[in-house]
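Engineer: Sharing a model prediction with you, sequence too.
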Amino acid sequence: MKTYILTRVLLAIPMILIILTIVFVILRVLPGNPVLAMVGPKAPPQIVAAMEKEMGLDKPIIVQYGDYLLNIAHGNFGRSTLTSLPVIQELMQKFPATLELTIFAMIVAIFIGIFFGTYAAYYYGRTLDVVARVYSIFVYSFPVFWFGIMLQLIFGVWLHWLPVSGRSSPFMIPPHVYTGLYVIDSILNLDWPVFVDTIRHLILPSVTLGVVISSIFVRMVRSNVILSLSSQYVVASRARGVKEKKVLFSHALKNAMAPILTIMGLEFALLLAGAVLTETTFSWPGIGSYLISRIAYRDFPAIQGAIVFFAFFIAAVSILVDIINAWIDPRVRY
């Protein structure tokens, strides 16, 4: 197991290096000068030159690349040209909001995916199975921003049941922030009005993101459980008179979970990185909204830092998923 974990960590290093290189190259081949985007096209040349020197843009490209890798290795993502604050500090302020949204979206996706997919496999070829297949194809085709707008229109504008934007109402934040996750912090503070307000703001964006992702889980769970139900151990369990519910969940689903967990883990990482449209639609103050706003201002270090942050997180989750798989199924290690 130790050898397997070490191998996976070592294999992640070139992957991260390739991602960092791609980010570096793409940001530097984009048209336009980031300094002119910040100070305006009519700025005096000496001001532009001074800012280019401050940002290191006057150095040869290979020197810039070396500085870039060295700074990231030391956890230095640079300073935002818009606010002059360290990029890593701004990212850590925004990260809890994105993480909270991602966790709740995954809860929605896993709940729908596991139960709908499992019962669709059990009733293979019947009405529920057909509904599940149509659901997975139909929902997967939804543009996430359109689905979010429809939910805002129905539950926010027409029915006035739920808020349509933001992470909380004015002055409704936990008095003491411990984790940055408002749901957990409101529980730790025993502040139930804030807890309810936070949940109400989370419902629409997390359902939007979770329902769209659940279409992938429904198909994955259905396919793997169908294979498990045709296995000999399931036939033997039924022959011994084991209840169908136990056969379905304790035998078929449990043994089908290894590949499903892999997809779920990777989807969680991708969901965290891909919540940009949902955050923008619901004005959610996370890293996705942060990235979009900084792209508009051509905030070079902030854009680069946000993408690299996502890359590191996805690599870390990928390693963790592989370790969990190896722990569940020892055959993975060989």
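Structural biologist: Good, I have the coordinates. Residues are numbered from 1 along each chain as shown.
Engineer: show me where pLDDT drops low in the protein?
Structural biologist: Low-confidence regions of the chain, defined here as pLDDT under 70, cover residues 30-34, 37-40, 273-274, 328-334.
Engineer: Need the residue closest to the centroid of it.
Structural biologist: A centroid search over the chain (C-alpha atoms, centre = their mean) returns L272, at 1.3 Å, as the residue closest to the centre.
Engineer: Tell me which stretches of the stretch 151-300 of the chain form helices.
Structural biologist: In the stretch 151-300 of the chain, the helices defined using DSSP state H, counting those that start in this stretch lie at 182-188, 192-229, 232-239, 244-246, 254-273, 276-281, 287-296, 300-328.
Engineer: Looking at the ones you listed, which is nearest to G156?
Structural biologist: Judged by C-beta to C-beta, the one of these that comes nearest to G156 is helix 192-229, at 7.1 Å. (Glycine included, C-beta is placed from N, CA and C.)
Engineer: for that closest one, packing partners?
Structural biologist: If contacts are counted by 3 or more C-beta pairs under 8 Å, 6 or more residues apart in numbering; DSSP states H and E, helix 192-229 sits against helix 87-122, helix 127-140, helix 144-151, helix 182-188, helix 254-273, helix 276-281.
Engineer: just checking, what packs against the third one?
Structural biologist: Under the contact criterion of 3+ C-beta pairs under 8 Å, 6+ apart, helix 144-151 touches helix 192-229, helix 276-281.
Engineer: likewise the shortest one?
Structural biologist: For helix 276-281, the elements it packs on are helix 87-122, helix 144-151, helix 192-229, helix 287-296, judged by 3+ C-beta pairs under 8 Å, 6+ apart.
Engineer: circling back to that earlier point, output the helices and strands packed on helix 144-151 in CSV, with distance to G117 appended to each entry.
Structural biologist: Putting those into CSV (distance: least, C-beta to C-beta, whole Å) gives the following:
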stretch, distance to G117
helix 192-229, 3
helix 276-281, 23
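Engineer: what about those, which gets the closest to L57?
Structural biologist: Between L57 and the helices and strands packed on helix 144-151, the shortest separation by C-beta to C-beta is 26.4 Å, and it involves helix 276-281.
Engineer: Reformat the helices and strands packed on helix 192-229 as a markdown table; add distance to I319.
Structural biologist: Compiled in a markdown table, the helices and strands packed on helix 192-229 are given as follows (distance: least, C-beta to C-beta, whole Å):
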| stretch | distance to I319 |
| --- | --- |
| helix 87-122 | 18 |
| helix 127-140 | 27 |
| helix 144-151 | 27 |
| helix 182-188 | 25 |
| helix 254-273 | 10 |
| helix 276-281 | 24 |
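Engineer: Quick check: which of those helices has the most neighbours on average?
Structural biologist: helix 276-281 (a mean of 22; mean count of other C-beta atoms under 10 Å).
Engineer: how far is it from where the chain is centred?
Structural biologist: The gap between the average C-alpha position of helix 276-281 and the chain average comes to 12 Å, counting by C-alpha atoms, centre = their mean, to the nearest Å.
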